[in-house]
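In: fold the following for me, if possible:
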Amino acid sequence: MVTNDIFILAIESSCDETSASVIADGKVLNNIVATQSVHEKYGGVVPELASRAHQENLIPVVQEAILTSGISKSQLSAIAFTRGPGLMGSLLVGVSFAKAFAYSLNIPLIEVNHMNAHILAHFIEDPKPNFPFICLTVSGGHTQLVLVKDPLTMEVIGETQDDAVGEAFDKTAKLLGLPYPGGPLIDKYAKLGNPKAFQFPITRMPELNYSFSGIKTAVLYFLRDQLKENPKFIEENLADLCASVQYSLVEMLLIKLKLAVKEYGVKEVAIAGGVSANSGLRDTLTKLAKERGWNLYIPKFEYCTDNAAMIAMAAHFKYLKGEFSSMDVTPLAKMKI
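Out: This is a model prediction of the structure:
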């Protein structure tokens, strides 16, 4: 029998995952996720289709989250939701539902920044990082280095100036003829290839910032030239191509991370976001941390991709501080940490 006092239902609908989670006094009770497969044939997320799928999935997902939590909706203390960043239509579905549900139960609303939540996913289970720590946050839409001072105080100390690393993975995969989502497939084939088979440029940006547009262009022209000589070049070298691209992208990420750790004198290091599920990044970073004496924190795979458990954890910290939202709150496609 659950006897905790603070129960929060959290909803995540920023892109193409519909998710709901219940947290009880900081302990996540479940993490229900409905994945949208409708986008696969289009080679990317179609915003209109994503918002329609959220409308279909949200109520069943919320019902399952409440049912499997062992509590009733009347016991809920607050409703949390992703306000942004994300696709406007997708966010609107989640925000509208959260507002209506909170109003019907006469309980507070808690808005959550999706990127903050990715970082706070580290507090769902042990071991948890100590403050302050540096988090490399990597996803399809973001690449950031964040100095985390406490659960509600974060500072972006470096970020991409153009494309996110997740976009670079997916667009490179598309150039290689791999189906969407291509990032995980690059990771899969990279395990079978030679990361030094082909050389791609390592972009050098000032300070702690990133740029990933150059490597996509380099891969495009490289493949164009090679295919003129050998139409089967990609087919015959797929594993080596994937390994080489992944090596270059991971190298770019870690060059700046090493600089950040040195500059801020912080040896508590974490990664978060969908790309943190990449085995090449995880393995290379694990070796680097061991060499340099860092305390490294890597979330479970289920908490790397978009999920409501991380929204719930972020909401828990905001609840403790009494940071609630008004019923006038609206979604934000772009939202800074």
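
In: from residue 190, how far out is residue 6?
Out: Applying CB to CB, to the nearest Å, the value for residue 6 to residue 190 is 43 Å. Quick note: C-beta positions are derived from backbone N, CA and C, even for glycine.

In: and if you look at residue 154?
Out: Counting by CB to CB, the gap from residue 154 to residue 190 is 31 Å.

In: more crowded one of those two?
Out: Set residue 154 next to residue 190 and count neighbours by other CB atoms under 10 Å: residue 190 wins out with 24 against 21.

In: enumerate every residue touching that one.
Out: Residue 190 is in contact with 239, 242-243, 245-247, 280, counting by CB atoms under 8 Å, 6 or more residues apart in numbering.

In: looking at these, spot the one nearest residue 61.
Out: Among these, residue 280 lies closest to residue 61 (CB to CB), at 31.5 Å.

In: that older thread, possible to save the contacts of residue 190 as TSV with secondary structure?
Out: Listed next are the contacts of residue 190 as TSV, based on DSSP: H, G, I helix; E, B strand; the rest coil:
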residue	secondary structure
239	helix
242	helix
243	helix
245	helix
246	helix
247	helix
280	helix
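
In: export the residues you listed to CSV and tack on distance to residue 325, neighbour count and pLDDT?
Out: Formatted as CSV, the contacts of residue 190 follow (distance: CB to CB, whole Å; neighbours: other CB atoms under 10 Å; pLDDT from 0 to 100):
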residue, distance to residue 325, neighbour count, pLDDT
239, 48, 16, 98
242, 43, 28, 98
243, 45, 24, 98
245, 41, 29, 97
246, 40, 25, 97
247, 43, 22, 97
280, 39, 19, 96
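
In: need those in CSV (columns: distance to residue 164).
Out: Putting these into CSV (distance: CB to CB, whole Å) gives the following:
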residue, distance to residue 164
239, 25
242, 19
243, 21
245, 15
246, 15
247, 18
280, 17
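
In: quick one: the helices in this protein, in order.
Out: 47-69, 88-105, 114-120, 165-175, 183-190, 213-229, 233-264, 279-292, 308-320 (DSSP state H).

In: what's the closest of those to residue 200?
Out: helix 233-264 (4.3 Å).

In: closest to the centroid, which residue in this structure?
Out: In the chain, the centroid-proximal residue (CA atoms, centre = their mean) is residue 273; its distance is 2.6 Å.

In: between the helices of the chain, which one is nearest to residue 334?
Out: Closest of those to residue 334 is helix 88-105, at 9.7 Å (criterion: CB to CB).

In: lowest confidence element among the helices and strands of this structure?
Out: The helix or strand of the chain with the poorest confidence is strand 32-35; it has a mean of 87 (mean pLDDT, DSSP states H and E).

In: and the nearest residue to residue 93 once chain neighbours are set aside, how many residues sit next to it?
Out: Take residue 93 and drop its neighbours on the chain: the residue closest to it by CB to CB, 6 or more residues apart in numbering is residue 54, 4.1 Å away. Neighbour count of residue 54, defined by other CB under 10 Å: 28.

In: gap between residue 54 and residue 69?
Out: Counting by CB to CB, the gap from residue 54 to residue 69 is 21 Å.

In: same question for residue 52.
Out: 27 Å.

In: what about the two, which has more around it?
Out: residue 69 (23 against 16).

In: show me what contacts the residue nearest to that one when sequence neighbours are not counted?
Out: Nearest non-adjacent residue to residue 69, counting by CB to CB, 6+ apart: residue 22, 3.8 Å away. By CB under 8 Å, 6+ apart, the contact set of residue 22 is 7-10, 28-30, 65-66, 69, 71, 312.

In: TSV for the residues you listed, including pLDDT?
Out: Putting the contacts of residue 22 into TSV (pLDDT from 0 to 100) gives the following:
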residue	pLDDT
7	98
8	98
9	98
10	98
28	98
29	97
30	97
65	98
66	98
69	97
71	95
312	98
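
In: pick the one among these closest to residue 97.
Out: Among the contacts of residue 22, and counting by CB to CB, the member closest to residue 97 is residue 9, at 10.4 Å.

In: ok, what's across the strand from the closest one?
Out: Per DSSP bridges, the residues bridged to residue 9 are residue 22, residue 79.

In: near it, how many other residues are there?
Out: 29.

In: same question for residue 291.
Out: Neighbours of residue 291 (other CB under 10 Å): 8.

In: same check, this time on residue 214
Out: Number of residues near residue 214 (other CB under 10 Å) recorded here: 18.

In: so what's it scoring on pLDDT?
Out: pLDDT, residue 214: 92.

In: wait, isn't it in contact with residue 201?
Out: Yes: between residue 214 and residue 201 there is a contact under CB atoms under 8 Å: 5.7 Å.

In: run a quick neighbour tally on the residue nearest to residue 256 when sequence neighbours are not counted.
Out: Spatially, and ignoring its direct neighbours in sequence, residue 256 is nearest to residue 208 (5.2 Å; CB to CB, 6+ apart). By other CB under 10 Å, the residues close to residue 208 number 19.
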